[in-house]
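*Asks:* Structure, please.
(chains A and B)
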Amino acid sequence: MSIVTSMREKIRAEIEKAIEQAKQEGKIKGEKLPDFVVEVPREKSHGDFATNVAMLLCKEAKMAPRAIAQIITENLVNEDWLEKVEIAGPGFINFYLHKSWLYAIVPQVIAGDENYGRSNYGQGEKVQIEFVSANPTGLLHMGNARGAALGDTLSSVMDAAGFDVSREFYINDAGNQIENFGKSLEARYLQLLGRDVPFPEDGYHGEDIIDTVKNIIGDVQDKYLDVDSEERRTFLVERALQEKITAIKSDLARFGVHYDVWFSEKTLHESGEITSVIQELREQGYIYEKEGALWLKSSLFGDEKDEVIVRSNGIPTYFAADIAYHKNKFERGFTRVIDIWGADHHGHVARMKGAVQALGYNPDNLGVILMQLVRLFQGGEIVRMSKRSGQYITLSELMDEVGKDAARFFFVMRSPDSHLDFDLDLAKAESSENPVYYVQYAHARINSILKANPQGELAKEKVDLSLLKEEAELDLMRKIADLPEEIVGAAVNSEPHRLTRYAHELASLFHSFYNSCRVLTDEEELRKARLLLVDAARITLRNVLTIIGVSAPERM
RNA sequence: GUGCCCAUAGCUCAGUUGGAUAGAGCAACGGCCUUCUAAGCCGUGUGUCCGGGGUUCGAAUCCCUGUGGGCACGCCA
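*Replies:* Sure, this is the predicted structure:
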């Protein structure tokens, strides 16, 4: 357990004891203990920890909050780690701790090294996170890139918080879209070989599929020119998907994203899982027929209306496949399933949760993170994106342009439900305007100090950390100590953007410390202590950057 | 029209589940390198938290309502 968490719980226990005693003495009335918090106050002048318990008790006890706070304070046992307790404001009780509690953090971080920040909060709960799942009919665009950065960081942070995380990519290699893809490929194939055929109106206009078809022609020439359309399309689709999926995999790998499972939609059709899940829903009475199609009564579960799951032509919809897919996820033993979708899919959330419920699972175990759209800016202008015209900036081009680190940091920096204005010029700037460099620079500076250390090695024994008394030193330790709780908070709330903020704050405190405290000073004992603090800062910074998927350079 | 998301400093955004005087970055101005990396630090100020009601010890946060913007409402995915 982290030091901050254990102090918090110690204080909570003391408060509870004090209240219990006050009740026995008849000083406070009331039956149940309110759900109070022991929090770290925003203002440093309000102590190390504070509680609102007195304000919450006042209603039942029928006393003024400050009077209750007074009684609780008097009943607190004077522990040696407690320096003083104050009543403040409307009735807060502020706890000031002896500085020694913080010194313990430094050796703990160094001993933990790459494990510092990790915890067992999730207790190995099996979680599956599905993200990106882009159509394999094209290249990855900005929305996919944001999903990739978010999903991968959420996976890493949940892993660090003690969950057993599996990353999964769902390949939409079946259904209407693939039909359409086949028609587009076929048209390009015939056109490239000199046939005058029209391009399908709703086809994939992107340049990239022309290249794909050119590659195929390089292999098989006109072998499929005069065979029947069915055979030609099947061949072209299979070959093109292979190429596209390989490209998607390698772009994501370059972006630092590695999946545990690549799940093919096609297998759900072939295995009969779609048919059987429809049968299961039918037996539950959630299916009816209307106008030749099969409908799911999703309106029973909070959806706005019922949804078609099998078309009148007998072909199941995307939704049917998705239901089978989610059943498959839960059957694999995941007790928590998280999907990351673009905000334009929000209408899908209620019906998906409804379907999960209809299958007998708790819909709360399915979490859907909707992320708002990404707008690209360059030179102050919006860079237009249109899949239809085939003009959009790809993930691969983005990495060429701004690099992996800046791209990942920028995507994770914003909360998923806020629109993201991605400023290409800013992300590219090698200057202080760029928050990525600011954080990385702190790490590089630390390494520079450690290399310049005349002793070479860090003294680990008999170092007097209590020499670290400067404000900047204490603030830095305080922030370092927060990492485990920050990780848990980001994990359980599915808010990876907390990590970039934390990284920035930590870097900022380090830079302040760097400017006000000289590490390689002539005072040997102080130097030893500061070197350990600096090393702890290095580990903390590196660990949080690693979770975000951003490199921690030793030199810049 | 119905549903979901959003509205906080000039700009881009945080705000730890309802707490104390609402915070960062950028942009602006002034200062700091003979010393571990100036890609840095220190200082200067800015708010109708979209408007209006309500809930309570206490609201940017929760409820209602109005306004403005985004998205979705297909036998597409």
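
*Asks:* and the stretch 251-400 of chain A, which residues reach RNA strand B?
*Replies:* Counting by C-beta under 7 Å from any atom of the strand, the stretch 251-400 of chain A comes close to RNA strand B at A:290-293, A:304-305, A:308, A:311-313, A:317-319, A:343-348, A:370, A:372-373. (Glycine included, C-beta is placed from N, CA and C.)

*Asks:* quick one: the helices in the stretch 301-450 of chain A?
*Replies:* Assigned helices in the stretch 301-450 of chain A, in chain order: A:318-331, A:347-358, A:395-402, A:404-413, A:424-428, A:435-452 (criterion: DSSP state H, counting those that start in this stretch).

*Asks:* can you map out the helices along the stretch 451-556 of chain A?
*Replies:* With DSSP H, counting those that start in this stretch as the criterion, the stretch 451-556 of chain A has helices at A:471-481, A:483-492, A:497-516, A:524-548.

*Asks:* is it true that A:Val38 touches A:Ile11?
*Replies:* Yes - the pair A:Val38 and A:Ile11 qualifies as a contact (C-beta atoms under 8 Å) at a distance of 5.2 Å.

*Asks:* okay, and the common contacts of these two?
*Replies:* Counting by C-beta atoms under 8 Å, 6 or more residues apart in numbering, the residues touching both A:Val38 and A:Ile11 are A:Phe49, A:Thr51.

*Asks:* For A:His326, which non-adjacent residue is spatially closest?
*Replies:* Nearest in space to A:His326, with sequence neighbours left out and distances taken as C-beta to C-beta, 6 or more residues apart in numbering, is A:Val356 at 5.8 Å.

*Asks:* for A:Met63, that is, sorry about that
*Replies:* Sequence neighbours aside, A:Ile28 is the residue nearest to A:Met63 in space, at 7.3 Å (criterion: C-beta to C-beta, 6+ apart).

*Asks:* before we move on, back to that, looking at the helices of the stretch 301-450 of chain A, which is buried most?
*Replies:* With neighbours defined as mean count of other C-beta atoms under 10 Å, those peak in mean count at helix A:404-413, which reaches a mean of 25.

*Asks:* roughly how far out does stretch A:481-491 sit from the chain middle?
*Replies:* Here stretch A:481-491 shows a centroid-to-chain-centroid distance of 13 Å under the convention C-alpha atoms, centre = their mean, to the nearest Å.

*Asks:* pull the CA atoms of that stretch into PDB?
*Replies:* C-alpha atoms of stretch A:481-491 as PDB (Å, rounded to 0.1, in the frame of the first residue of the first chain):
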ATOM      1  CA  ALA A 481       4.400   9.900  -3.100                       C
ATOM      2  CA  ASP A 482       1.100  10.500  -4.900                       C
ATOM      3  CA  LEU A 483       1.900   8.300  -7.900                       C
ATOM      4  CA  PRO A 484       0.200   5.100  -6.700                       C
ATOM      5  CA  GLU A 485      -3.000   6.900  -5.900                       C
ATOM      6  CA  GLU A 486      -2.900   8.800  -9.200                       C
ATOM      7  CA  ILE A 487      -2.600   5.500 -11.100                       C
ATOM      8  CA  VAL A 488      -5.500   4.000  -9.200                       C
ATOM      9  CA  GLY A 489      -7.600   7.100  -9.800                       C
ATOM     10  CA  ALA A 490      -6.900   7.200 -13.500                       C
ATOM     11  CA  ALA A 491      -7.600   3.500 -13.800                       C
END
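
*Asks:* Could you give the number of residues near the closest residue to RNA strand B within the stretch 151-300 of chain A?
*Replies:* At 3.1 Å from RNA strand B, A:Glu291 is the closest residue in the stretch 151-300 of chain A, using C-beta to the nearest atom of the strand. Residues lying near A:Glu291 (other C-beta atoms under 10 Å) number 7.

*Asks:* Could you tell me the per-residue confidence at it?
*Replies:* With respect to pLDDT, A:Glu291 scores 91.

*Asks:* wait, what's in contact with the closest residue to A:Val436 other than its chain neighbours?
*Replies:* Leaving aside its sequence neighbours, A:Val436 sits nearest to A:Phe409 (C-beta to C-beta, 6+ apart; 4.3 Å). Listed by C-beta under 8 Å, 6+ apart, the contact set of A:Phe409 reads A:Pro435, A:Val436, A:Val439, A:Thr500, A:Ile548, A:Val550.

*Asks:* cool, and A:Val402?
*Replies:* By C-beta under 8 Å, 6+ apart, the residues touching A:Val402 are A:Phe410, A:Leu424, A:Ala427, A:Lys428.

*Asks:* would CSV of those with pLDDT and distance to RNA strand B be doable?
*Replies:* Shown next, in CSV, are the contacts of A:Val402 (pLDDT from 0 to 100; distance: C-beta to the nearest atom of the strand, whole Å):
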residue, pLDDT, distance to RNA strand B
A:Phe410, 92, 10
A:Leu424, 81, 13
A:Ala427, 81, 12
A:Lys428, 79, 11
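
*Asks:* Run through chain A and note the low-pLDDT ranges.
*Replies:* Low-confidence segments of chain A, defined by pLDDT under 70: A:380, A:384-391, A:430-432.

*Asks:* And the helices of the stretch 301-450 of chain A: which comes nearest A:Leu526?
*Replies:* A:Leu526 lies closest to helix A:435-452 among these, at 13.9 Å (C-beta to C-beta).

*Asks:* Just name whatever secondary elements that closest one is in contact with.
*Replies:* Under the contact criterion of 3 or more C-beta pairs under 8 Å, 6 or more residues apart in numbering; DSSP states H and E, helix A:435-452 touches helix A:404-413, helix A:497-516, helix A:524-548.

*Asks:* Kindly recompute the last result at 10 Å.
*Replies:* Contact here means 3 or more C-beta pairs under 10 Å, 6 or more residues apart in numbering; DSSP states H and E; on that basis helix A:435-452 packs against helix A:404-413, helix A:424-428, helix A:497-516, helix A:524-548.
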